[in-house]
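K.L.:
Sequence and computational prediction follow.
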Amino acid sequence: MSATHGAPRDPSLPERAVPLRLHLTGDDAPSDVVDALFLGRFATGEQPHVHSTTVDRVKPAATLLPAGAKLLRATKGDDRSSLLAEGEGWTVLVSRWSRGADVTVTATDAELAERILKEAVDGAKDEPEPQPENVTMGFWYVSPRRGPHRTTRQIGAGTWEEIRPNYTAPVAAAMDRLMAVTPEDITGRLLLLHGPPGTGKTSALRTLARSWRDWCQVDCVLDPERLFGDVGYLMDIAIGEDEGSAKGRWRLLLLEDCDELIRGEAKDAAGQALSRLLNLTDGLLGQGRNVLVAVTTNEDLERLHPAVVRPGRCLARIEVDRLTRSEAVAWLGREEGVGRDGATLAELFALRRGTTPVGLPEPRTTDAGLYL
């Protein structure tokens, strides 16, 4: 089945050069039809102006429709619902997914589109009460439906004073300096935390986000292996999204478990990925952008690529090692279970819970991210 939208008779108009047709097959869902219908007035030039936004957390009772909207279509599925509505000179499409929504407005003029969009989302965002122990963290990922996307969450993070005993003395001393960094102290743009699994690298980064939250926005990239292989994705992140932060605010990108990217043979194994990382930290791509990159890896320092660890590139390069035996015994409060070589933080938590002897793999738990 196909349908053709009417268009102005003037053959010089662009919408006459590319007629709009809607073809439906058995694979199309009702929401696909709603999406296509929404484009009609924009494609014909009747409503040539578009404004859109994303609301990550929507209040359950919010309709995301402005006052006076006439509902034209509505779909509801397991993972997505859509609303198509109109008013005098405008049309709005609301696509809801999980707890969030995309809202797009077409209108006869730009001011009308902006006003209708503002009315649609006014008061719709579900913002939890801020907690002193929480920090707002962004999460970047590529969505199959929506492309590069950033969402935010409130992440619990202890103060540095609270978690400092979780680290061996040399690491704690290095972290003391890192936690106290201000924008005026920044020289290199790369933070490198390396060391065995379970030593607390992720926990340290969460606390760093809390320590720096007055001057630095922190974003975690969930698919770093894709980031440096996709130029469009990299540019979206390099340009940034700062939630209206004041000009000059820094951003810290967290890339976890990037062993393949920065080990010594990464240049051959990962192609241009490593050079793009370095370009983001101190090359042309990073120029004019207040961007820091934090990388965690389980690799030994000797196996890291020389270009990554050269002098002047790293703001901090910290080997997060296991606690010594005396430190581990002091942390745990007993000697039982602690080996001669000490213990990792993950092993100590397992001993405290009485679940896993030191030296054996620890079962996955929901709070593993607290000390990996």
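P.N.:
Cool, the structure landed.

K.L.:
ok, the closest residue to Arg340 other than its chain neighbours - contacts?
P.N.:
In space, and not counting its chain neighbours, Arg340 is closest to Arg325: 6.0 Å by CB to CB, 6 or more residues apart in numbering. Using the backbone N, CA and C atoms, a C-beta is placed for each residue, glycine as well. The contact partners of Arg325, taken as CB atoms under 8 Å, 6 or more residues apart in numbering, are Val338, Gly339, Arg340, Asp341, Gly342, Ala343.

K.L.:
quick one: Arg325 and Leu277, what's the gap?
P.N.:
Arg325 sits at a distance of 37 Å from Leu277 (criterion: CB to CB, to the nearest Å).

K.L.:
hang on, the earlier thing: so can I have TSV of the contacts of Arg325 showing neighbour count?
P.N.:
Shown next, in TSV, are the contacts of Arg325 (neighbours: other CB atoms under 10 Å):
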residue	neighbour count
Val338	22
Gly339	13
Arg340	6
Asp341	12
Gly342	20
Ala343	26
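
K.L.:
Please name the bridge partners of Ser52.
P.N.:
Beta-bridge pairing for Ser52 (DSSP bridges): Thr104.

K.L.:
Pull up the gap between the nearest residue to Val221 once chain neighbours are set aside and Gly333, please.
P.N.:
Once flanking residues are discounted, Val221 sits nearest to Trp140: 4.8 Å by CB to CB, 6+ apart. From Trp140 across to Gly333, the span is 40 Å (CB to CB).

K.L.:
More neighbours: which of these two?
P.N.:
Counted by other CB atoms under 10 Å, Trp140 and Gly333 do not tie: Trp140 has more neighbours, with 21 against 8.

K.L.:
Would you confirm that Leu83 contacts Lys76?
P.N.:
No - Leu83 is beyond contact range of Lys76, at 9.5 Å (criterion: CB atoms under 8 Å).

K.L.:
quick one, which of the two is more surrounded?
P.N.:
Leu83 (22 against 11).

K.L.:
Residue ranges in the protein under the pLDDT threshold?
P.N.:
1-20, 22, 26, 128-132, 240-247, 260-272, 283-288, 301-311, 355-372 (pLDDT under 70).

K.L.:
Okay, helices next: where are they in it?
P.N.:
Applying DSSP state H to the chain gives helices spanning 14-17, 30-44, 110-121, 160-163, 169-179, 201-211, 224-227, 231-239, 259-262, 266-269, 273-282, 306-309, 325-332, 345-353.

K.L.:
Counting neighbours, which bits of the fourth one end up buried?
P.N.:
I take that to be helix 160-163. For helix 160-163, burial by neighbour count (16 or more other CB atoms under 10 Å) applies to Trp160, Ile163.

K.L.:
before we move on, the earlier item: now the helices of the chain as TSV including distance to Gly147?
P.N.:
TSV is the format used below for the helices of the chain (distance: least, CB to CB, whole Å):
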stretch	distance to Gly147
helix 14-17	25
helix 30-44	15
helix 110-121	20
helix 160-163	36
helix 169-179	34
helix 201-211	26
helix 224-227	12
helix 231-239	8
helix 259-262	22
helix 266-269	26
helix 273-282	19
helix 306-309	29
helix 325-332	45
helix 345-353	36
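
K.L.:
most tightly surrounded among those helices?
P.N.:
A comparison of those by mean neighbour count, using mean count of other CB atoms under 10 Å, puts helix 201-211 on top with a mean of 22.

K.L.:
what's the domain layout of the chain?
P.N.:
Using automatic domain parsing, the domain ranges for the chain come out as 2-121, 134-319, 325-370.

K.L.:
how far is the longest one from where the chain is centred?
P.N.:
Here the centre of domain 134-319 is set off from its chain's centre by 12 Å, with CA atoms, centre = their mean, to the nearest Å.
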